[in-house]
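>>> based on what follows, work out the 3D shape:
(2 chains)
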There are 2 protein chains.
Amino acid sequence: MKVSKADIKLFRALSQKKVRQTERKFILEGWRALKEVLNSASKVEAVAVLSRYLEDPDYKAILSKLAERGASIKELSETELNQIADTVHAQGVLAVVHQKSYTLDSVRFGPAPMVVAVDAVSDPGNLGSIVRSSDWFDVDAILLGRGCVDLYNDKVVRSTVGSIFHVPIVEGVDLPQTLSMMKEQGFFVVAFSGDGKQAYTTLQPRGRSIFVFGSEAHGVSREVRSVANVVVRIPKYGKADSLNVGVACGIVLAHTRAGKENTKGV
Amino acid sequence: MKVSKADIKLFRALSQKKVRQTERKFILEGWRALKEVLNSASKVEAVAVLSRYLEDPDYKAILSKLAERGASIKELSETELNQIADTVHAQGVLAVVHQKSYTLDSVRFGPAPMVVAVDAVSDPGNLGSIVRSSDWFDVDAILLGRGCVDLYNDKVVRSTVGSIFHVPIVEGVDLPQTLSMMKEQGFFVVAFSGDGKQAYTTLQPRGRSIFVFGSEAHGVSREVRSVANVVVRIPKYGKADSLNVGVACGIVLAHTRAGKENTKGV
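The predicted structure follows:
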């Protein structure tokens, strides 16, 4: 089926946060991301693809699987693709995918749950990187506080490299209130800050942990700090003013997991 | 002094890699970056600043110090600034700074040197993050292989958050040849790859180490792998396909430094 004007209008409109929030849908670009969505429970509504990919058996197989799961496949021209997407990232294909809405109650925690909480991180690449690392190190859930960049922003989705489909992510969380509640349920809340009194390497392994990372400009907010059991720093050896928040998250998760490698993994 | 048309032309031209390479200069944006350059030996040729900042004593003090070091200070209007810069990042000020050209011979290695080598990393944010983390963990030098994004690209400079002035960075390195030579001089060469046979946590501390990180799409090249003493992975626990290369670099450097905190640092 050829793409319609209404389709193009929807694809374009979904670049706006407002429309994404009303429709509860978002745009996914590229073949790699489409393969990931097939391994998830997410619903794909429509796929727009350059006609030439329909002749390739490998790409056709992916499209058939998506069609079986209810996606309508729409052909478009290069010109039409340019109207709706960044062609470098789209690689000739993009899709409209339904947002999955997690609440804290819907998350199934493992026996020693590890949670990442994100307090007002505004850079899309940083949030994407946090989601990707959280997936790699098998975090049970991610809580996005108010003031974070929209999870379904195209740059965030792109920089999660498919991990957006692998980890339960709860959006729009009132962090001071939710962290207080989880603390009462036995979670140990660790906030990271350059002025933390103890080094992250001194943290003892615990059953239920929440690691909180703050905004690039202001760090973890005062309200969240006051809820934390401990404020911890990553020791500095050189002259840099600070570490990138995505890198800080990766360092902490790697350290926490070190020595407990999943032998089923790579 | 008011900014001239020729000044504006130079500022604009320096957004091009070719011009940066011919002139051996680059653009620095924002007050925070300008403060960092004052703590370095880098030469600032010119500063373009919105007139209103000249009335503020704090900003004026920074500009005076830059003028003492030979920078010519030029006033410009909002309209002129919009012509040459991303106003969000520039915060009303930008500067033309001379590139520092390091060769491997000019690097002074400490007693147990740690070197980061970067093989064809193409994303500006990733290279910037590698430079920032290398600074934070006090790496002795960074070697940029051919095929890396230009170090003086505006996004790279921005995402180093001043660290570009703190770490010796050698550009345009023939990595297979240079790493072979350094190996002969006693450096232990560790390449990182998802299919590495041993986990990074099994690495023993060594006197002279080089950690090599590869491109986002293809990892460390075959030529570089063949030079490495060992190919190492960061163990995976979840479903992500890969880790961000900037995050991987941070994890490895943090692990290597853990337990040896510089008490003079924060």
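>>> ok, and for stretch A:157-172, which residues are buried?
By 16 or more other C-beta atoms under 10 Å in any protein chain shown, the buried positions in stretch A:157-172 come out as A:157-171. For the C-beta atoms, the positions are set from N, CA and C on the backbone; glycine is no exception.
>>> one more: stretch A:69-88?
For stretch A:69-88, by 16+ other C-beta under 10 Å, it's A:Ala71, A:Ile73, A:Lys74, A:Glu75, A:Leu76, A:Glu80, A:Leu81, A:Ile84, A:Ala85.
>>> quick one: end-to-end distance for stretch A:23-42.
Using C-alpha to C-alpha, to the nearest Å, the end-to-end distance of stretch A:23-42 comes to 15 Å.
>>> ditto for stretch A:233-246
So stretch A:233-246: terminal residues 14 Å apart, C-alpha to C-alpha.
>>> and stretch A:230-242, what's its mean pLDDT?
For stretch A:230-242, mean pLDDT rounds to 95.
>>> next one: stretch A:88-103
Rounded mean pLDDT across stretch A:88-103 is 90.
>>> would you tell me what the next helix or strand after the lowest-mean-pLDDT helix or strand in chain A is?
Within chain A, no helix or strand scores below helix A:87-90, which has a mean of 73 by mean pLDDT, DSSP states H and E. Using DSSP states H and E, the next helix or strand after helix A:87-90 towards the C-terminus is strand A:93-98.
>>> identify the residues contacting that following strand?
A:10-11, A:14, A:24-31, A:34, A:37, A:42-50, A:53, A:59, A:66, A:71, A:81, A:84-85 (C-beta atoms under 8 Å, 6 or more residues apart in numbering or on different chains).
>>> at 7 Å instead, please
For strand A:93-98, contacts defined as C-beta atoms under 7 Å, 6 or more residues apart in numbering or on different chains pick out A:10-11, A:14, A:24-31, A:34, A:37, A:42-49, A:53, A:71, A:85.
>>> can you tell me which of these end up in helices?
When DSSP state H is applied, those are split such that A:Leu10, A:Phe11, A:Trp31, A:Leu34, A:Val37 fall in helices.
>>> OK, contacts around the fourth one?
With contact set as C-beta under 7 Å, 6+ apart, A:Leu34 has these partners: A:Leu28, A:Ile62, A:Leu66, A:Val93, A:Ala95.
>>> and the furthest pair within those?
A:Leu28 and A:Ile62 (12.5 Å; C-beta to C-beta).
>>> more neighbours, these two?
A:Leu28 (25 against 19; other C-beta atoms under 10 Å in any protein chain shown).
>>> the more buried one bridge partners, please.
A:Ala95 (DSSP bridges).
>>> surely it is in contact with A:Val157?
Yes - A:Leu28 lies in contact with A:Val157 (C-beta atoms under 7 Å); the separation is 6.4 Å.
>>> what touches both of these two?
Going by C-beta under 7 Å, 6+ apart, no residue sits against A:Leu28 while also sitting against A:Val157.
>>> picking that back up, among the ones in helices among the contacts of strand A:93-98, which two are most distant?
Across the ones in helices among the contacts of strand A:93-98 (C-beta to C-beta), the longest gap, 21.0 Å, separates A:Leu10 and A:Trp31.
>>> so stretch A:124-132, near chain B or not?
Yes - using C-beta under 7 Å from any C-beta of the partner chain, stretch A:124-132 reaches chain B at A:Gly125, A:Ser129, A:Arg132.
>>> need phi/psi at the second one.
Looking back up the chat, that one is A:Ser129. phi -70, psi -40 (degrees, to the nearest 10).
>>> can you count the residues close to the nearest residue to A:Lys100 once chain neighbours are set aside?
Leaving aside its sequence neighbours, A:Lys100 sits nearest to A:Ser42 (C-beta to C-beta, 6 or more residues apart in numbering or on different chains; 5.9 Å). Taking other C-beta under 10 Å as the criterion, the count of residues near A:Ser42 is 18.
>>> on that earlier part again, closest one to A:Pro113 out of the residues of stretch A:124-132 next to chain B, please.
A:Arg132 (19.4 Å).
>>> show me what from chain A comes close to chain B.
So chain A meets chain B at A:125, A:129, A:132-133, A:135-138, A:161-163, A:166, A:194, A:199, A:201, A:234-244, A:246-247, A:250-251, A:254, A:257-259, A:261-262, A:265-266 (C-beta under 7 Å from any C-beta).
>>> next step: these restricted to helices.
Going by DSSP H, the helices hold A:Gly125, A:Ser129, A:Arg132, A:Ser133, A:Asp135, A:Trp136, A:Gly246, A:Val247, A:Gly250, A:Ile251, A:Ala254, A:Arg257 from those.
>>> by pLDDT, give me the weakest of those.
A:Arg257 (92).
>>> wait, doesn't that one sit right on B:Ile234?
No - contact criterion C-beta under 7 Å: A:Arg257 and B:Ile234 do not qualify, at 9.6 Å.
>>> how about stretch A:47-58: buried residues?
Those would be A:Val47, A:Ala48, A:Val49, A:Leu50, A:Tyr53, for stretch A:47-58 by 16+ other C-beta under 10 Å.
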